[in-house]
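> model the structure of this input:
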Amino acid sequence: MIVIDTSVIYALLDGKDANHEKAAAWYEEHHPALTTTPLILAEVDHLAGARAGSRAQQAWRQDLANGVYDVRWWSSAPQEIAAIAHQYADVGVGLADASLVALAGRIETTNIATFDERHFRVMRPAKGGPAFRLLPHDSA
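Coordinates of the predicted model:
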C-alpha cells in the first residue's frame, strides 16, 4: 500500500499539470494500491475546482465514489498529526502532509507518492526505515 499526496493525485487528474506525464506513466506501470487521508481529499477537491474546473472536480469525486482511493482516519489521528506538524514546524509542514506521515506510520510503510520533496525528504518515518521512499521519483 502506498500513501498518496495531493501533488500526485492532482497531477494524475489534470493533464495540464507539469507532473502529469510522470505521474501517469508511474501509475500505468505500477497500478499501485493507494491510501490517503481526508485532509488530502479536501486539498485535491479544492485544487480541482479552483484550477481545473468543475469537470475535473466531478471526475475526482467520481473516482472517490468508485473507491479508487482507500481513505483512512482513526481516533488518535488529530493528536498524532498535530504532533508531527509541530515537530516539523520549522520547515513549514502543514496538517495535510503530517497526516500522511502519521498514516505511513500506522500502516508501516515508507512509500509515499508525492512530488513534494522539500517536506518529505526532511521528515522521517515512524517505522520501516530512516527515510521515506518518494514515488515516482525514487522508483527508477
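
> so which residues make contact with stretch 21-29?
8, 11-12, 17, 113, 115, 135-136, 139 (CB atoms under 8 Å, 6 or more residues apart in numbering). For glycine as for every other residue, the C-beta is placed from the backbone atoms N, C-alpha and C.

> look up how far Glu117 lies from Val91.
From Val91 across to Glu117, the span is 12 Å (CB to CB, to the nearest Å).

> let me redo that: Gly49
Distance, Gly49 to Glu117, by CB to CB: 26 Å.

> can you check Val93 too?
13 Å.

> out of those two, which sits in the busier spot?
Between Val93 and Glu117, counting by other CB atoms under 10 Å, Val93 is the more crowded of the two (21 against 13).

> need the contact list for the more buried one.
Counting by CB under 8 Å, 6+ apart, Val93 makes contact with 84-85, 119, 122-123.

> what's the least confident helix or strand in the chain by mean pLDDT packed up against?
Every helix and strand in the chain was compared by mean pLDDT, DSSP states H and E; the lowest is helix 54-65, with a mean of 94. With contacts taken as 3 or more CB pairs under 8 Å, 6 or more residues apart in numbering; DSSP states H and E, helix 54-65 sits against helix 6-13, helix 38-47.

> can you say which of these is packed in most?
helix 6-13 (a mean of 24; mean count of other CB atoms under 10 Å).

> now do that one against helix 54-65, angle only.
Relative orientation of helix 6-13 and helix 54-65, computed by axes from the mean of the first three to the mean of the last three CA atoms, to 10 degrees: 110 degrees.

> from the chain's centroid, how far away is helix 6-13?
Relative to its parent chain, helix 6-13 has a centroid offset of 8 Å by CA atoms, centre = their mean, to the nearest Å.

> still on that earlier bit, so can I have CSV of the helices and strands packed on helix 54-65 showing mean pLDDT?
CSV is the format used below for the helices and strands packed on helix 54-65 (pLDDT from 0 to 100):
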stretch, mean pLDDT
helix 6-13, 96
helix 38-47, 98
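
> make CSV out of those and add distance to Trp26.
Putting the helices and strands packed on helix 54-65 into CSV (distance: least, CB to CB, whole Å) gives the following:
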stretch, distance to Trp26
helix 6-13, 8
helix 38-47, 17
